[in-house]
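Chemist: Generate a structure from the sequence data that follows.
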Amino acid sequence: MSFFGGYCLMSEIELKIKSRDIDTLIHLIVSHNASADTDLIRKAYEYARNAHKDQVRLSGEPYIIHPLEVAIILANLKLDTTTIAAALLHDVVEDTVVSLELLKDGFGEDIAHLVDGVTKISSLKKKTKYTNQVYSLRKMLIATIKDVRVILIKLADKLHNMRTIMFQPELKQRQIATEVLDIYAPLAGRLGISQMRAELEDLAFHVLHHDAYHDIADRVSQRKNEIEDFIEDIRFILYQQLKNLSIKAEITGRVKHYYSIYRKMTLQNKTFEAIFDIRAIRIITDDVRDCYGILGIIHTLWSPITARFKDYIAVPKSNMYQSLHTTVIGPDGHPMEIQIRTWEMHATAEMGIAAHWLYKEGGKIQDSEYRNFALLQNINKLHAESPESGDPREFMKELKMDLYEDEIFVFTPKGKIVKLATGATPVDFAYAIHTEVGNQCIGAKVNHTLVPLKTELKSGDIIEIITSKKGHPSEAWLKFVKTSNARYKIRNWMRRERPSPKTETAEEQPSKKEKTVEVAIPENELFKIKTISKPKKTALSIEGNTNVLIRLSQCCQPIPGDDVIGFITRGRGITVHKKSCPSLTRLKLEPERFINIVWESTDATYPVKLAIHAIDRPNLLKDIADIIATCKTNIAKVEAQVLSQDDAVIKLVLQVKSLDHLKEITSRIKKIRNVTSIQKLNEKVSAK
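Modeler: Next up, the predicted model:
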């Protein structure tokens with residue numbers, strides 16, 4: 001593969017030429033580690049060859065070629081002999097008569113665990129193909145929690161399958177490529193194995209978007225000489241500068257891989273010519289001090305674009321990636337990206353978590369050596385909150401959210417840096433600080449300004465969380481948090497602490513004959529509803545008839561402007577609910593009892609309960625009352641309580657005319673200084 005040639009599928013002739021044997025693998029292993037246990041490798045190879053002796057691949061090759069090539073991929077990543085032996089054996093349990101117990105007897109617990117982890121579940125009954133795939137993926141990820149080498153073997157397996165995908169039927173090719181692009185390439189990326197991710201993406205891109213792939217390949221090829229000359233000029237200039245300062249470094253050029261170019265063109269609606277980082281310079285040196293010294297040299301030679309500078313050395317990505325990234329205006333007047341890193345950082349950047357097994361023999365990697373890989377932590381939490389009997393589609397949704405998240409970097413008031421997913425909110429930040437900070441969060445300031453809890457954070461923001469001992473998570477938070485850490489901790493609190501529903505009184509409970517659930521209305525408000533419900537004062541029309549007893553449901557408190565529906569109750573007229581009311585889920589058991597309802601023009605008012613949360617200050621209640629008075633609204637009831645200096649709660653019952661009237665009131669209250677949120681039952685309108 002040439003530097004500019006992309007990732008090309010091998011033809012049948014090339015496969016025969018490139019077919020390699022066990023000596024190829026042994027030589028590769030020894031070149032990386034002269035003391036490696038090659039006897040184990042030969043034993044595993046012979047065992048796998050005998051197990052697969054009657055099997056051939058679609059290409060016509062002996063099946064053993066596939067596990068051998070998978071092992072070679074992992075040997076190129078310099079993994080230990082236990083992993084490479086497991087790679088040679090990875091299909092024997094799934095595709096031959098060899099049992100896991102036999103494998104354990106012959107090769108020990110570690111290798112058996114790795115093979116079992118990548119073995120699909122074949123015993124599922126009454127499951128769709130999609131469900132089987134999800135359960136097998138879940139099984140593999142659970143095994144990965146115990147030993148991350150499971151996923152490394154699976155990624156190598158997928159990579160060789162993609163290299164030889166041309167022998168599959170066209171429909172099968174597209175199915176495999178879609179799965180690789182959706183799941184396995186992002187997995188490689190989140191584990192920091194950039195070289196494997198890039199090849200998986202380009203191979204899948206070639207299958208799924210054949211014309212676009214070749215269009216980009218042709219464009220890159222046409223600029224090959226231009227890019228090579230440009231990179232050579234830059235290398236010469238930099239080498240001269242580094243030589244003068246006695247700094248040793250290797251300077252190389254790189255071109256973005258094809259799928260990365262395509263994705264940028266698609267997502268950012270750019271032309272090929274508008275993507276300035278197609279060409280880039282990478283500088284690798286011996287120590288961190290020289291990285292920053294080289295950065296200074298570059299910024300004296302060419303003007304930096306400050307918004308494009310990123311220090312991933314001081315703040316590594318969640319996949320442990322470290323480098324300095326700077327974009328400068330190059331000698332030809334065009335932007336040029338430069339990456340600066342040490343050799344150790346380069347190994348991690350190219351091989352990610354696999355770099356932890358470089359030359360390592362005779363022992364497992366300790367959890368502490370890869371605990372900082374956020375993906376592994378998230379998989380563990382996902383497994384804890386998603387039992388194996390759970391909805392497979394929900395599992396895939398949660399997994400993909402983890403796989404596709406990019407990162408932002410925000411700060412605590414004391415300057416500590418916190419990494420979060422792009423689109424994260426103050427609630428995500430609170431849980432990243434500490435579980436109890438998240439659980440007790442009642443408000444937040446971003447850059448010293450109060451904001452709604454669902455506000456999207458940006459890199460560089462300074463976040464301050466307002467807490468209260470009486471605060472607790474809300475189920476509504478699950479609709480806007482972005483990180484699996486926050487989702488896990490909110491759900492964990494819900495399972496552990498959510499209060500039990502209040503016991504219904506005999507008057508509130510429906511009879512067995514009715515089989516419906518009605519929400520009771522307090523007696524002091526029932527009189528108001530009855531008054532409103534008299535035929536001459538009703539604000540509703542029931543399919544043209546107004547001579548009907550109507551009750552407004554207290555569970556959702558509908559008011560004019562809300563989209564509503566009626567439910568016929570025996571002996572108590574019609575109860576009106578918002579169409580979005582959760583109670584309707586239970587009532588839908590008897591759909592024949594629903595009736596259409598529309599609002600009519602009226603001067604009637606309706607009771608609405610509000611809870612206003614604010615940071616306490618003098619004259620707060622007076623200011624709220626004054627604003628409400630300007631809205632020509634009557635306060636039927638008010639109750640104020642100061643829970644702490646950071647949390648004052650004012651509960652009101654207001655008489656409002658319509659939804660628009662209520663919106664006007666809440667909009668004005670939100671602008672009052674120190675107000676942090678307004679709640680109408682379970683509907684929350686946050687202050688800005």
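Chemist: which residues touch Thr252?
Modeler: By C-beta atoms under 8 Å, 6 or more residues apart in numbering, the residues touching Thr252 are 235, 281-282, 284. Any C-beta I mention is one placed from the backbone N, CA and C, and that applies to glycine too.
Chemist: swap in Ile462?
Modeler: 410-413, 446-448.
Chemist: got a winner among those residues for most neighbours?
Modeler: Val410 (22 neighbours; other C-beta atoms under 10 Å).
Chemist: ok so, going back, next, format the contacts of Ile462 as TSV and append secondary structure and pLDDT.
Modeler: Output for these, formatted as TSV (DSSP: H, G, I helix; E, B strand; the rest coil; pLDDT from 0 to 100):
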residue	secondary structure	pLDDT
Val410	strand	85
Phe411	strand	84
Thr412	coil	86
Pro413	coil	85
Val446	strand	89
Asn447	coil	87
His448	coil	84
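Chemist: now, which of these sits nearest Thr483?
Modeler: Nearest to Thr483 among the contacts of Ile462, counting by C-beta to C-beta, is Val410 at 12.3 Å.
Chemist: Now that closest one: closest residue in space that isn't a chain neighbour?
Modeler: With sequence-adjacent residues excluded and distances taken as C-beta to C-beta, 6 or more residues apart in numbering, Val410 is closest to Asp461, at 4.7 Å.
Chemist: hang on, the earlier thing: so which of the contacts of Thr252 sit within helices?
Modeler: The helices, defined by DSSP state H, take in Arg235 from those.
Chemist: still on that earlier bit, mind putting the contacts of Ile462 in CSV, distance to Thr38 included?
Modeler: Formatted as CSV, the contacts of Ile462 follow (distance: C-beta to C-beta, whole Å):
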residue, distance to Thr38
Val410, 50
Phe411, 51
Thr412, 52
Pro413, 57
Val446, 58
Asn447, 59
His448, 63
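Chemist: Pop out the phi and psi values for Lys454.
Modeler: The phi and psi values for Lys454, taken as degrees, to the nearest 10, are phi -90, psi 10.
Chemist: Skip the chain neighbours and tell me the closest residue to it.
Modeler: Phe480 (4.2 Å).
Chemist: wait, doesn't that neighbour sit right on Leu457?
Modeler: No. Contact criterion C-beta atoms under 8 Å: Phe480 and Leu457 do not qualify, at 11.7 Å.
Chemist: Just give me the neighbour total for His113.
Modeler: 17.
Chemist: I'd guessed it sits against Asp147; true?
Modeler: Yes. Counting by C-beta under 8 Å, Asp147 is a contact partner of His113 at 6.2 Å.
Chemist: just to revisit the earlier point, which of Phe480 and Leu457 has more neighbours?
Modeler: Using other C-beta under 10 Å as the criterion, Phe480 and Leu457 rank with Leu457 on top: 24 against 17.
Chemist: Averaging pLDDT per element, find the lowest-scoring helix or strand in this structure.
Modeler: For the chain, the helix or strand with the lowest mean confidence is helix 523-532, at a mean of 31 (criterion: mean pLDDT, DSSP states H and E).
Chemist: Show me where the stretch 101-250 of the chain dips below the pLDDT cut-off.
Modeler: 120-136, 139, 141-145 (pLDDT under 70).
Chemist: how about a cut-off of 90?
Modeler: The stretch 101-250 of the chain contains residues with pLDDT under 90 at 113, 116-152, 179, 181-195, 219-234, 243-246.
Chemist: Where do the strands of the stretch 151-300 of the chain begin and end?
Modeler: Per DSSP state E, counting those that start in this stretch, the stretch 151-300 of the chain carries strands over the ranges 249-255, 279-285.
Chemist: any idea of the angle the first one forms with strand 279-285?
Modeler: Between strand 249-255 and strand 279-285, the angle comes out at 160 degrees (axes from the mean of the first three to the mean of the last three C-alpha atoms, to 10 degrees).
Chemist: how about the helices in the stretch 301-450 of the chain?
Modeler: Taking DSSP state H, counting those that start in this stretch, the helices of the stretch 301-450 of the chain run over residues 343-351, 374-385, 392-404, 426-433, 435-439.
Chemist: should've said the stretch 151-300 of the chain
Modeler: For the stretch 151-300 of the chain, the helices defined by DSSP H, counting those that start in this stretch occupy 170-179, 185-190, 194-208, 210-222, 224-244, 258-267, 288-301.
Chemist: Tell me which of those sits most buried.
Modeler: helix 185-190 (a mean of 25; mean count of other C-beta atoms under 10 Å).
Chemist: mind saving the C-alpha coords of it as PDB?
Modeler: Extracted C-alpha coordinates of helix 185-190, given in PDB (Å, rounded to 0.1, in the frame of the first residue of the first chain):
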ATOM      1  CA  ALA A 185     -14.300   1.100  13.500                       C
ATOM      2  CA  PRO A 186     -15.700   3.400  16.300                       C
ATOM      3  CA  LEU A 187     -14.600   0.700  18.800                       C
ATOM      4  CA  ALA A 188     -11.100   0.800  17.400                       C
ATOM      5  CA  GLY A 189     -11.100   4.600  17.600                       C
ATOM      6  CA  ARG A 190     -12.300   4.700  21.200                       C
END
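Chemist: Can you spell out which helices and strands pack onto it?
Modeler: The contact analysis (3 or more C-beta pairs under 8 Å, 6 or more residues apart in numbering; DSSP states H and E) places helix 185-190 against helix 149-163, helix 194-208, helix 374-385, helix 392-404.
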